[in-house]
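J.: here is a sequence with its predicted model. Questions after.
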Amino acid sequence: MTQSVLYLFAAAVIFGIAIYGLLISEHLLRKIFALNLMASAVFLLLIALGGKIDGTADPVPQALVLTGIVVTVSVTAFALALLVRLVRATGQPFLDASDPSGDPSGDPSGDQADHRKRRGKNRAKKS
């Protein structure tokens, strides 16, 4: 197994973990972390695939990764600022799938129903 294949495998595993975190978690901060982890996996993939030209590293993938890191930091800062505003406005770091009256739409079951009950109790305590 060459070093490039190892990096490609690591990038795929990291990306898979990030997808799992993005799909499973309801907490928006965890979703932001999962997106950052996905970006890191893509950066690792770009560096692993970046070939060598005449014995030196190709500067184009390195420049793309450096630019991507700057963009990722900026987008993360913006997402965290939006999350802080959401928490201040609603008191919860979740996107609620309910109608304007506050009643959940549909018939929640299992863990999501328990989670919504706990959030409702937290809202009542703050009032």
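T.: Everything's here; your move.
J.: centre of the chain to the strand or helix carrying Asn36, how far?
T.: Element membership of Asn36, judged by DSSP states H and E, is helix 28-49. Averaged C-alpha coordinates place helix 28-49 at 8 Å from its chain's average position (CA atoms, centre = their mean, to the nearest Å).
J.: repeat that for stretch 77-91.
T.: The chain centroid and the centroid of stretch 77-91 are separated by 15 Å, computed with CA atoms, centre = their mean.
J.: would you mind listing the buried residues in the longest helix belonging to the chain?
T.: In the chain, taking DSSP state H as the definition, the longest helix is helix 59-90. The neighbour-count check on helix 59-90 (16 or more other CB atoms under 10 Å) flags 61, 65, 72, 79, 83 as buried. The C-beta positions use only the backbone N, C-alpha and C, and glycine is treated the same way.
J.: please name the nearest non-neighbouring residue to the third one.
T.: By that I understand Thr72. Closest residue to Thr72 apart from its sequence neighbours, by CB to CB, 6 or more residues apart in numbering: Ala39 at 4.7 Å.
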